[in-house]
Each structure stands twice: as structure tokens, then as C-alpha cells.
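In: next input, structure requested:
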Amino acid sequence: MTTKNKNSSPSPERKIHISIDDVIRMPSPGMVLPNQIQFNPDDTLISYLYSPTGDLNQNLYLYNPKTGGQTLLAAPPDGGIQEGSLSPEEELQRERSRQRTLGITQYTWSEKGNHILIPLQGNIYIIDQPGDPLRKLVGAGGKPALDAQFSPDGQWVSYVQDAEIYIIPFDGGEPRQVTHGAHGTGKTNGLAEFIAQEEMGRQHGYWWSKDSRYIAFTQVDETHIPIYRIMHQGKDMTGPGAWEDHRYPFAGAENARVRLGVVFIEGNRLTWMDYDAREYEYLACVEWLGDGTLSAQLENREQNELVLVRFDPKSGKRTLLVKENSHYWINLHDIFKPLKDVGTGSEGGFIWASERSGFRHLYLYDWYGKLVRPLTSGSWMVDDLVGVDEENGLVYFTATREDPRERHLYGVKLDGRGLRRLTDHPGTHMIVADHAFRQYVDTFSDLENTPLVELRTFEDSLLLNTIHVNQDDRVERIHLRPPEMVNLYNRHGDTLYGAIFYPPDNYGEGPYPTIVSVYGGPHVQRVTNQWGITATLQDQYLADRGFLVFRLDNRGSARRGLAFEGVIRNRIGYHEVEDQVDGVRYLVERGLTDPHRVGITGWSYGGYMSVMCLAQEPDVFKVAVAGAPTSDMDGYDTHYTERYMGTPQANPEGYKLSSVQHYVANIQGHLLIIHGLIDENVHFRHTARLINALIDARKPYDLLLLPDSRHGPRKPEYLYYLNQHLADYFEKNL
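Out: Numbering: from 1, shown residues only. From the prediction side, this is the model:
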């Protein structure tokens with residue numbers, strides 16, 4: 001393509017090794033691997049979900065470390081979870097958790113005994129012991145049983161049905177309702193509200209006490225939030241089922257009203273926890289403690305203050321443990337680990353993560369909320385707490401210490417000394433520890449190596465077993481080439497990380513027509529040293545068609561610290577665009593990119609960025625393909641939008657300058673907008689408002705609608721058509 005003008009037809013000698021069928025097939029090449037890995041209660045077995053057919057349909061397997069053998073534990077009856085066969089409640093829960101797998105998608109070991117719980121299509125199944133068949137414990141009937149859980153003693157199974165919490169004996173019997181007053185009122189007991197699921201990372205709405213006598217739960221009232229109706233325009237029906245109603249909390253408007261209660265399962269005695277939801281509007285995390293009290297993280301509406309508190313479940317009274325404040329915003333996390341003893345004379349303590357230094361690090365507290373010592377520090381961040389070996393005084397965690405594009409396992413002593421890295425191979429390591437901290441499962445990959453699943457020791461990282469080696473023949477057939485990882489400086493001197501996907505050698509040495517593949521939003525990082533980047537077949541497919549494809553993590557993206565993220569505070573879509581322009585200029589200076597033939601594409605925040613780049617920098621970007629763009633942030637939800645922007649009432653200028661509509665008059669290039677008509681996250685209203693602005697500015701645009709698609713297309717027909725259209729659009733206009 002480098003020797004032809006933009007109106008030329010593709011050269012006849014082109015050989016495209018990647019087909020669109022390859023692009024839309026999931027999982028990607030090399031990514032069919034064990035997931036949801038767990039150790040059984042006595043650490044003698046390892047369980048995981050895996051697809052034996054190399055697609056999204058998963059079964060449950062057991063791995064025996066002593067024999068090295070894998071056995072099938074459970075295959076789902078009637079195919080298990082399948083798209084199109086779910087209740088509306090389950091379908092929306094899958095959207096909130098970004099769940100794409102099918103068959104068996106969840107399972108849980110009981111804390112006591114080797115029992116396994118498997119929810120399937122609104123029903124609840126039990127495996128009494130490994131090797132036993134599935135036993136149906138709860139049949140959904142007309143209403144699905146949601147969020148099934150074991151009680152800690154293994155005697156009960158709980159679930160939410162028709163807005164109330166029920167429990168049923170593990171051995172079977174009649175269910176018993178333990179919460180009341182929500183059914184038929186528009187309220188819910190025991191379910192996480194939309195904001196908690198979509199933006200706060202909290203998927204549960206109830207929690208068992210450790211003695212299995214109490215259940216803490218949320219009562220959610222959304223009846224005061226106006227209904228937002230979404231019509232299923234692509235369906236034949238016109239009656240019920242042709243639309244769905246949502247209580248969507250738009251930025252600046254009212255949130256759901258959430259209360260935290262504790263119910264005694266014998267007698268249904270109820271106590272509401274004492275906190276002012278007007279002061280702390282968001283309930284972020286809940287966890288029972290070993291002494292029978294209840295902890296919770298509460299966050300204010302402005303998201304610049306968070307408190308960790310302890311409740312007395314009998315009186316509802318609270319005690320403050322930790323208060324966090326931020327000049328930017330609070331990034332929520334679930335790194336809170338109660339300990340039995342911290343050697344301070346107190347009766348226990350806890351580990352807590354904070355970004356007070358500008359980077360997330362671990363801190364040790366006594367039981368009364370007094371800081372004992374920091375456990376980690378530096379210009380790097382802790383990703384996750386793997387666990388605490390209290391017997392040996394060791395804390396294990398994953399972090400970015402050597403390179404923010406990688407993830408490694410580390411250990412440090414509870415006295416803050418002896419920090420060491422346990423994983424030695426460069427790349428990305430995902431860790432699952434056993435209960436005794438003798439061994440861990442490491443799922444590892446880098447740009448050149450498909451994921452490998454290994455069992456290693458904590459003491460010296462000795463390799464015990466290789467659980468999984470890639471057997472996907474697509475890796476060799478497609479012959480994927482890893483992208484080139486690059487470092488560059490933006491105009492302000494900040495180091496940015498990028499990845500370059502090159503066209504095949506027969507397209508010469510450049511300069512090439514270039515497509516920027518963008519997300520650009522906070523809480524996301526797209527340039528990392530892991531195989532999943534290499535296996536992104538949409539980028540590889542576009543490169544195979546003669547384009548240079550470029551990814552760049554601009555300021556505002558994740559895992560670089562609060563100052564790097566926080567530059568976007570109160571105005572999004574400006575600094576991110578600056579950095580993407582600087583990335584293109586870097587490519588031009590290297591002689592890789594034809595400056596007159598640069599396009600950009602992305603989805604969601606990436607769709608927003610695609611339009612913003614086309615509109616703000618028309619001299620740089622000539623073509624944009626924008627999927628589900630958030631065109632105006634006052635049309636998005638409270639928790640996400642206000643975290644970065646405040647409310648529209650408090651920051652009207654910031655909202656105006658962050659709106660795509662404010663810039664569309666500058667557009668000179670080609671714009672294709674793609675949107676699903678039943679997107680309940682980024683409503684089609686965003687695209688409709690953008691189109692109105694384009695019409696007012698007399699700007700041409702192209703539109704691809706997906707009538708039966710939510711935020712992320714799932715139907716193979718849609719995915720095929722979308723990818724074909726996207727590639728052809730760039731080839732025609734770039």
C-alpha cells in the first residue's frame with residue numbers, strides 16, 4: 001500500500017494470513033488456558049475452568065499435583081451458560097462483569113469439606129465430593145437464583161431470588177427466606193446496584209459472618225431514579241420483551257439509596273448499620289472480621305475521601321479505623337487483610353493499601369487503626385495482595401517495581417524488611433496461592449511466549465509441575481509477530497509506552513499508512529509485556545492488510561501513579577489527545593508513518609478518543625472509526641464520570657470542554673460511528689447527540705448500527721460484519 005495512493009485497489013500480490021474468522025474467534029490464539037484457578041480446602045488438588053474444544057465453552061477440571069494428572073470434574077448439563085438462553089438479570093450481570101465465557105462460568109469450593117457449588121442458568125448445582133455427579137440443589141423456576149454462596153461452615157447455600165435472600169440446607173430441603181420487605185416494592189435485598197457492579201468492582205450484595213449465624217446485606221432503593229427505557233428495535237415483538245427499563249444514575253443526578261443491614265438467620269432479627277449515606281454515598285467493600293464485627297469501606301460522593309470502619313453488628317455502631325483523602329480521587333481497591341497478631345501487644349491488626357504517597361503501597365495497622373509501619377514504598381505500585389503467611393511473618397503481593405508494563409510476585413516481612421522478587425522471568429505473572437503458602441500457581445506470559453501455567457514453591461520459587469502448555473495450533477498457523485515495545489517522551493517530558501504492529505515485509509520499510517488503536521481512559525493499561533497483546537487479532541489483522549498499527553498509553557492511564565493519572569482531573573479528552581498526537585509525531589520522525597495517512601479507532605472511551613482526536617487534531621488524524629463513543633459525559637453514570645470530572649453543576653466548563661460536540665465543527669476527515677442499539681452502559685443516546693451536532697455543523701459521517709448489541713458485540717455475525725467494515729473503511733479512506 002505504500003506505493004499506491006489512497007484510492008488504489010489492494011495489490012494483487014497481497015497475502016493476508018489472518019482471516020476475519022480468526023479475528024472473531026474467541027479466545028484468541030494461545031489464550032485457551034486454565035482460568036479461575038483455585039486450591040481445594042486442604043491444598044491437595046487444584047481446580048480450574050478450561051475449554052477442551054478451544055472455544056468459549058468451559059468445563060470444570062481437577063489437577064492432581066502428585067500425579068500430574070488432569071481429570072474432568074464437571075461438564076454442564078444442556079450445554080450450561082449460552083448466549084441467548086439467560087434471564088435478563090443474568091444477562092445484565094454478565095455485562096457488568098464483562099463475562100464472555102460459556103458452559104460453566106463460575107464455581108466455588110466450600111471453606112469446610114470438599115464441596116463445590118456451580119450456578120448454571122439460574123439454577124444451583126452441588127458436587128458433594130470430587131468425582132461425584134452434579135446434584136441440582138435449587139431449580140430457578142420462573143425467577144433465577146442469583147449470587148449463590150456457601151456459608152463458611154458449609155451447612156447452607158444462600159442466594160437471591162425475586163429481590164430477597166434465601167438459604168437452603170446444603171443437603172437439600174425447603175428454602176427459607178431471611179430478608180423481607182423488598183419484593184414488589186422496587187427495592188432489592190442482597191444484590192449489588194448498577195454502580196457497584198459497573199464502576200466499583202463490587203459484585204456482591206450480601207456477606208456471611210464467619211460463624212455462619214449472620215448475613216450482612218445491602219438494601220437498594222432506586223425507585224426515585226427516573227426510568228430510562230431502551231427499545232429492542234431489532235425484535236419482531238411489540239409487547240413486553242420489546243423494551244427494558246433501567247434506573248440509570250446520570251452524572252449530577254441522584255444515586256441509588258443503599259443501606260447496610262445485618263440479619264440473624266435464626267429468627268430474622270435485623271439491625272441497620274449506623275452511617276449517613278448522605279455523607280458517604282458509596283458502599284465500596286464489606287468484610288466480616290474474626291471477632292464477629294463487620295468492616296466496610298465508605299466513600300463520599302466527591303470520591304476524594306474514603307473511610308474504613310468497623311461496625312458492631314448487634315447495635316450498628318461504627319468505629320473509624322482509617323481515613324483516606326486525595327487531591328485527585330480515591331482509586332478503590334479490596335486490599336484489606338485482617339491479621340491475628342502483629343506483634344504490637346494488640347489483639348491483631350490488619351494490612352491496608354493506600355495511594356497517599358502517590359503510588360499504591362501496603363501499610364500495617366494495629367487493631368485500633370493506628371499505623372504501625374509501611375511495608376512497601378517507592379515510585380511503583382502494588383497491584384494486589386496475594387496473601388499473608390502469618391506463621392512465618394511474610395506478606396506476598398504483585399507489583400510493578402521493575403517495570404510498569406510487567407507484573408511480578410514479591411515477598412516482604414511483616415517488619416518491612418527483606419523485600420524480594422520471586423518471579424524471575426520478564427513478563428506478566430498472575431498468581432494464585434494455596435492456603436498454607438507453601439506453593440502457588442503462576443500463569444505467565446510475555447510478548448513472545450504464550451501463557452504457561454506452573455506450580456512453584458513460595459520458599460525458593462522451585463518449579464514443581466507444569467500444569468498447562470499451549471497446544472493451540474493457531475499460533476503456528478497464523479504466525480503472529482509480537483509488536484515492538486517503544487518508549488517515547490511527550491511534549492512535557494513524560495515517558496510514554498507504546499507498541500508497534502508492523503505490516504508484513506512485502507510492504508517495504510515505510511512510511512506506512514497508520515492506524516492508532518486507542519483506549520486512552522483511566523483504569524486501563526494496553527501496553528504490557530504479555531502474550532495477550534500479541535494475540536490481539538484485530539490489530540494484527542489490520543497490520544496484515546498493510547497498515548502500521550500503534551498503541552500508546554497516554555497520561556491518565558493506569559499503573560503509573562496518581563500524578564500520571566490525575567492530569568485529566570476536571571477535564572478529560574485534552575491531555576490524552578496531546579499524547580496521542582505526540583505518539584504519531586514520534587512515528588513520523590522514525591520514518592514509519594506517512595503523516596498524511598493516519599487513522600484512529602477504539603471502543604467506548606476509545607471511541608470517544610477517536611472522535612476527539614479527529615475533531616481536535618484534523619491536521620494529524622484523517623479517519624476515525626469510533627465504537628460506542630461517550631460523546632458527552634453528562635450522559636454517563638455518576639461514579640465513573642464524577643470521579644474524574646466532578647458534577648456537571650460544579651464543573652460546567654470542564655464538561656463543555658470534555659464534550660465531543662464542542663469540537664465537531666473542526667472535523668475534516670472521515671468518521672464512522674458504530675453503536676449497539678440496546679447498549680445499557682453507553683446508551684445509543686450518546687451517538688444520537690453526536691449525530692445532531694454533526695448535522696448542525698454540516699459534517700458528513702457514516703453510521704453502522706448493531707440492533708441487538710449491548711456495549712460489547714457478542715453475536716458472531718455482528719463481529720464479522722463489524723471487523724470487515726472497519727478494515728474496508730480504513731482501506732478506502734486512508
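
In: what about the spatially closest residue to L45 that is not a sequence neighbour, which helix or strand?
Out: Leaving out its chain neighbours, the residue that sits closest to L45 by Cβ to Cβ, 6 or more residues apart in numbering is L62, at 5.3 Å. Just so you know, the C-beta spots here come from the backbone N, C-alpha and C atoms, and that holds for glycine as well. Using DSSP states H and E, L62 sits within strand 57-64.

In: give me the helices and strands touching that strand, please.
Out: Here strand 57-64 touches strand 46-50, strand 69-74, strand 102-103, going by 3 or more Cβ pairs under 8 Å, 6 or more residues apart in numbering; DSSP states H and E.

In: show the contacting residues for the residue nearest to L45.
Out: Applying Cβ atoms under 8 Å, 6 or more residues apart in numbering, we find L62 in contact with L45, I46, S47, Q70, T71, L73, P130.

In: surely the fourth one meets Y61?
Out: This points to Q70. Yes. Taking contacts as Cβ atoms under 8 Å, Q70 lies within contact range of Y61: 5.5 Å.

In: after the strand or helix carrying I533, next one along is what?
Out: Of the helices and strands defined by DSSP H and E, I533 is found in helix 531-534. With elements assigned by DSSP H and E, the helix or strand that comes after helix 531-534 is helix 537-544.

In: can you list contacts of the helix or strand following that next one?
Out: The element immediately downstream of helix 537-544 (helix or strand, assigned by DSSP H and E) is strand 548-553. By Cβ under 8 Å, 6+ apart, the residues outside strand 548-553 that reach it are 483, 496-503, 510, 512-518, 525-527, 533, 539-540, 542-543, 560, 579-580, 583-584, 587, 592-593.

In: one step back: tell me the bridge partners for the residue nearest to L45.
Out: S47, T71 (DSSP bridges).

In: which non-adjacent residue is nearest G139?
Out: Excluding the flanking residues, the one nearest G139 by Cβ to Cβ, 6+ apart is N123, at 5.5 Å.

In: ok now do that neighbour, which residues does it touch?
Out: Contacts of N123 (Cβ under 8 Å, 6+ apart): K136, V138, G139, A140, A145.

In: for N35, name its beta-bridge partners.
Out: Residues in beta-bridge contact with N35 (DSSP bridges): L49.

In: which ones are touching it?
Out: Going by Cβ under 8 Å, 6+ apart, N35 touches Y48, L49, Y50, Q58, T101.

In: make TSV from those and add distance to W208, pLDDT and neighbour count to it.
Out: Formatted as TSV, these follow (distance: Cβ to Cβ, whole Å; pLDDT from 0 to 100; neighbours: other Cβ atoms under 10 Å):
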residue	distance to W208	pLDDT	neighbour count
Y48	24	98	25
L49	24	98	22
Y50	29	97	22
Q58	27	97	26
T101	26	91	20
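
In: ok, back up a step: quick one: average confidence on the helix holding I533?
Out: Computed over helix 531-534, the mean pLDDT rounds to 98.

In: mind listing residues that contact it?
Out: By Cβ under 8 Å, 6+ apart, helix 531-534 touches 28, 30-31, 445-451, 480-483, 499, 526-527, 540, 551.

In: could you list the buried residues of it?
Out: Buried residues in helix 531-534, counted by 16 or more other Cβ atoms under 10 Å: W531, G532, I533, T534.

In: quick one on the thing from earlier: strands - which of the contacts of N123 land there?
Out: Using DSSP state E, K136, V138 are the members of those that sit in strands.

In: out of the contacts of N123, which are buried?
Out: Buried subset of the contacts of N123 (neighbour count, 16+ other Cβ under 10 Å): V138, A140, A145.

In: any idea how far the second one is from P513?
Out: Pointing back at A140 there. Applying Cβ to Cβ, to the nearest Å, the value for A140 to P513 is 52 Å.

In: wait, a strand at H725?
Out: No. The assignment for H725 (DSSP: H, G, I helix; E, B strand; the rest coil) gives helix, which keeps it out of a strand.

In: now it. Nearest residue, chain neighbours left out?
Out: Nearest residue to H725, sequence neighbours excluded (Cβ to Cβ, 6+ apart): L704, at 5.8 Å.

In: who's in contact with that neighbour?
Out: L704 touches L672, I673, I674, H675, Y721, L722, H725, counting by Cβ under 8 Å, 6+ apart.

In: cool, and H670?
Out: K622, V623, A624, P700, D702, Y729, N733.

In: let's see 10 Å
Out: 599, 614, 621-625, 700-702, 729-730, 732-734 (Cβ atoms under 10 Å, 6 or more residues apart in numbering).

In: over to Y125?
Out: Counting by Cβ under 10 Å, 6+ apart, Y125 makes contact with 74, 76-77, 80, 104, 107, 116-119, 133-138, 148.

In: one more time with 7 Å
Out: If you count contacts by Cβ atoms under 7 Å, 6 or more residues apart in numbering, Y125 has them with I118, L134, R135, K136, L137.

In: just to be sure, Y363 is in a strand?
Out: Yes. Per three-state DSSP, Y363 lies within a strand segment.

In: top strand in this structure by residue count?
Out: Using DSSP E to define each element, the chain has its longest strand at strand 593-603.

In: so what does it touch, helix or strand wise?
Out: For strand 593-603, the helices and strands in contact under the criterion 3 or more Cβ pairs under 7 Å, 6 or more residues apart in numbering; DSSP states H and E are strand 512-517, helix 575-589, helix 605-616, strand 623-627.

In: shaky segments in the stretch 301-450 of the chain?
Out: The model of the stretch 301-450 of the chain has pLDDT under 70 over residues 341-347.

In: can you give me the strands in it?
Out: Assigned by DSSP state E, counting those that start in this stretch, the stretch 301-450 of the chain shows strands spanning 305-311, 318-325, 336-339, 349-354, 361-366, 371-374, 382-389, 394-399, 408-413, 420-421, 428-433, 439-446, 449-457.

In: what would those strands look like in a markdown table with mean neighbour count and distance to Q471?
Out: Converted to a markdown table, the strands of the stretch 301-450 of the chain look like this (neighbours: other Cβ atoms under 10 Å; distance: least, Cβ to Cβ, whole Å):
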| stretch | mean neighbour count | distance to Q471 |
| --- | --- | --- |
| strand 305-311 | 21 | 45 |
| strand 318-325 | 15 | 46 |
| strand 336-339 | 19 | 37 |
| strand 349-354 | 22 | 38 |
| strand 361-366 | 22 | 38 |
| strand 371-374 | 14 | 44 |
| strand 382-389 | 20 | 28 |
| strand 394-399 | 22 | 27 |
| strand 408-413 | 20 | 26 |
| strand 420-421 | 12 | 30 |
| strand 428-433 | 21 | 19 |
| strand 439-446 | 23 | 15 |
| strand 449-457 | 20 | 9 |
